[in-house]
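S.K.: I would like the atomic coordinates for the input below:
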Amino acid sequence: MVNILNDLELRRKLKSGEIKIQPFEETRIGPMSYDLTTITDSIISETKIRLKTLEEIGLARNICGLVFFRSRAAKRSILCTFGPLIDPGFSGHLIFYVDLGFGVIEEKDLRSLFQVIFIEINPVGTAYNERKTSTAMERSGF
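M.R.: Okay, the predicted model is just below:
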């Protein structure tokens, strides 16, 4: 079973606790996605920065997520690397590495670059938070 969650199903999963988004803003829910808020985590060089989500995301063993550029972000001259998959059982902030060397981007324009869609799947055998090799769980730094 695979089911991309629409806005109504996302709200139900939030209410049941299968998906956690903290802090959560109702206005950031789209028809098939949730718009993430990113903040500057660190400056790597003059043109390279690391962003992280303001939101902490938590997923049950039967939910995964896929991260995409939002439409307005795709129009900007930004080069970005990130892992698009959020595994079942993940809990934490998402991290993005951004190269701003291709254009002038103001910090306020970096806050709404990404969206996540949530997908209901058959429950996995071993969730992300149960794997000893999972690198992002319970991290104190990035």
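
S.K.: tell me where the protein has helices.
M.R.: 7-16, 71-74 (DSSP state H).

S.K.: what is the mean pLDDT for the last one?
M.R.: Read that as helix 71-74. Average pLDDT, helix 71-74: 69.

S.K.: give me the number of residues near Thr133?
M.R.: Neighbours of Thr133 under the rule other C-beta atoms under 10 Å: 5. All C-beta spots, glycine's among them, are computed from the backbone N, C-alpha and C.

S.K.: quick one: pLDDT of it?
M.R.: 76.

S.K.: and if you look at Leu51?
M.R.: With respect to pLDDT, Leu51 scores 93.

S.K.: make sure it is actually in contact with Leu100.
M.R.: No. The pair Leu51 and Leu100 does not pass the contact test of C-beta atoms under 8 Å, sitting 10.8 Å apart.

S.K.: with mean neighbour count added, can I get the helices of the chain in CSV?
M.R.: Compiled in CSV, the helices of the chain are given as follows (neighbours: other C-beta atoms under 10 Å):
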stretch, mean neighbour count
helix 7-16, 14
helix 71-74, 11
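
S.K.: ranges for the strands of this structure?
M.R.: For the chain, the strands defined by DSSP state E occupy 2-4, 19-22, 34-35, 38-43, 48-53, 56-59, 63-69, 79-81, 85-86, 91-92, 95-99, 114-121.

S.K.: now render those strands as a markdown table, adding distance to Ser134 and mean neighbour count.
M.R.: Output for the strands of the chain, formatted as a markdown table (distance: least, C-beta to C-beta, whole Å; neighbours: other C-beta atoms under 10 Å):
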| stretch | distance to Ser134 | mean neighbour count |
| --- | --- | --- |
| strand 2-4 | 23 | 11 |
| strand 19-22 | 17 | 17 |
| strand 34-35 | 23 | 20 |
| strand 38-43 | 20 | 14 |
| strand 48-53 | 17 | 19 |
| strand 56-59 | 13 | 19 |
| strand 63-69 | 14 | 19 |
| strand 79-81 | 20 | 13 |
| strand 85-86 | 12 | 18 |
| strand 91-92 | 10 | 18 |
| strand 95-99 | 14 | 18 |
| strand 114-121 | 18 | 19 |
